[in-house]
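Undergrad: Sequence plus predicted model, see below.
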Amino acid sequence: MANSEHLKILKQGVEVWNKWREEHAEIAIDLKNADLERAYLTEANFRKADLTGATLREAFLSRADLTEATLTEADLWKADLWKADLTNCNIYGVSVWNVNLKDTTQKDLVITPPDEPEITVDNLEVAQFIYLLLNNENVRKVIDTITSKVVLILGRFTPERKKILDAIKEELRHRNYSPIIFDFDKPASKDVTGTVETLARMARFIIADLTDPSSIPHELATVVPFLRTTPVQPLRLAGTSGYSMVDDLKSYPWVLKTYEYKNSEQLIGALARKVIGPAEAKVKKLTKG
């Protein structure tokens, strides 16, 4: 249940709540299972707050700061999120029917539980759709026929490699793609290969970061033979051993030559020309006719 003190302060109004949060920034906010139905929470500071299972039906959350908040299994039916910031929210199991998402900031929304490899998307409604794809075989079969703008990024994105990931995502977004991130930094608790295969089959192309040799070898080797019309663009930091078996995958025409870069600045500067461009050209070649 929610921390009774936190809930009591919140119910005194947003102004009181925000002032208290500013004065107690070090406190972890616990609003689990809080009943905030139809609550007026405009411009409320919920940064990093735990709202797991909270009832936010028809709540007014316009301009609210929900950055890095946990909305796992929260009920947002008809909530007003106009101009709210949902960056890095965990939204696994969230209910978002008829939500107002006009001008809402939606980036890096986590759709997986904390104990599974992290998958992020950039749209709250798309998040429900992606989750449905991963858990409903019949829907997956239908989606196999749909051309999308999804780009799947595979890798192990430790803190020191976060800059690389952010650069790739921003460039893709700038070019009107929808990046989906599969981070192998966390241990798997389910059929990871099956999940990767589902995401790979709906992607326009795949970017695979092979710098860390422990990241994705098994999944990549299993999935690549079945892609056929989905290009795979491997990346590797120069001087690292990377994935030694990548040479075995070169026989597949949809696997592009590994792009090696000296540092993050070089990769960022050459991303369009050396990564996105070749992948897009390969898409057109593979789907021609």
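TA: Thanks, I have the structure now.
Undergrad: Could you list the single helix or strand in the protein with the lowest mean pLDDT?
TA: When the helices and strands of the chain are scored by mean pLDDT, DSSP states H and E, helix 137-143 comes last with a mean of 63.
Undergrad: Whatever helix or strand comes next after it - contacts with which helices or strands?
TA: Following helix 137-143 in sequence order, the next helix or strand is strand 150-155 (DSSP states H and E). Contact analysis of strand 150-155 by 3 or more C-beta pairs under 8 Å, 6 or more residues apart in numbering; DSSP states H and E lists helix 162-174, strand 178-183, helix 192-202, strand 205-209 as its packing neighbours. The way it works is simple: take the backbone N, C-alpha and C, and place the C-beta from them, glycine included.
Undergrad: ok, of the ones you listed, where does mean pLDDT dip lowest?
TA: The weakest mean pLDDT among the helices and strands packed on strand 150-155 belongs to helix 192-202, with a mean of 80.
Undergrad: Can you name the residues that contact the residue positioned nearest the centre of the chain?
TA: In the chain, the residue lying closest to the centroid (C-alpha atoms, centre = their mean) is T120, at 1.1 Å. With contacts defined as C-beta atoms under 8 Å, 6 or more residues apart in numbering, T120 is in contact with 108-111, 180-181, 183.
Undergrad: Show me what it bridges to in the sheet.
TA: Here T120 sits in beta bridges with V110, I181, as judged by DSSP bridges.
Undergrad: For it, give me the pLDDT.
TA: Looking at T120, its pLDDT reads 92.
Undergrad: where does it sit relative to D166, distance-wise?
TA: In this structure, T120 and D166 are 12 Å apart, going by C-beta to C-beta, to the nearest Å.
Undergrad: and if you look at H6?
TA: 32 Å.
Undergrad: With L51 instead?
TA: Separation of L51 from D166 (C-beta to C-beta) stands at 26 Å.
Undergrad: Then D209?
TA: Per C-beta to C-beta, D209 is found 13 Å from D166.
Undergrad: can I see the domain layout of the protein?
TA: Using automatic domain parsing, the domain ranges for the chain come out as 1-106, 114-289.
Undergrad: Among these, show me which one is buried the most.
TA: domain 1-106 (a mean of 19; mean count of other C-beta atoms under 10 Å).
Undergrad: Where does the prediction get shaky in this protein?
TA: Scanning the chain for pLDDT under 70 picks out the ranges 1, 137-148, 185-191, 213-217, 241-247, 289.
Undergrad: What segments of it are helices?
TA: Using DSSP state H, the helices of the chain run over residues 4-10, 14-23, 124-135, 137-143, 162-174, 192-202, 217-223, 246-249, 264-270, 277-287.
Undergrad: would you list these in a markdown table and tack on distance to A44?
TA: Shown next, in a markdown table, are the helices of the chain (distance: least, C-beta to C-beta, whole Å):
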| stretch | distance to A44 |
| --- | --- |
| helix 4-10 | 8 |
| helix 14-23 | 5 |
| helix 124-135 | 18 |
| helix 137-143 | 35 |
| helix 162-174 | 27 |
| helix 192-202 | 34 |
| helix 217-223 | 40 |
| helix 246-249 | 48 |
| helix 264-270 | 36 |
| helix 277-287 | 41 |
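Undergrad: how near is T198 to V192?
TA: As judged by C-beta to C-beta, T198 and V192 stand 11 Å apart.
Undergrad: hmm, back to that, right, and the helices of the chain - which one's nearest R57?
TA: Closest to R57 of the helices of the chain, according to C-beta to C-beta: helix 124-135, at 15.3 Å.
Undergrad: Pull the closest one out as CSV, backbone CA atoms only.
TA: What follows is helix 124-135, C-alpha atoms only, in CSV (Å, rounded to 0.1, in the frame of the first residue of the first chain):
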residue,chain,number,x,y,z
LEU,A,124,2.4,4.6,-24.5
GLU,A,125,-0.2,3.2,-26.9
VAL,A,126,2.4,1.4,-29.0
ALA,A,127,3.7,-0.1,-25.8
GLN,A,128,0.4,-2.0,-25.2
PHE,A,129,0.6,-3.1,-28.9
ILE,A,130,4.1,-4.4,-28.6
TYR,A,131,3.3,-6.3,-25.4
LEU,A,132,0.4,-7.9,-27.1
LEU,A,133,2.6,-8.9,-30.0
LEU,A,134,5.0,-10.6,-27.7
ASN,A,135,2.3,-12.5,-25.9
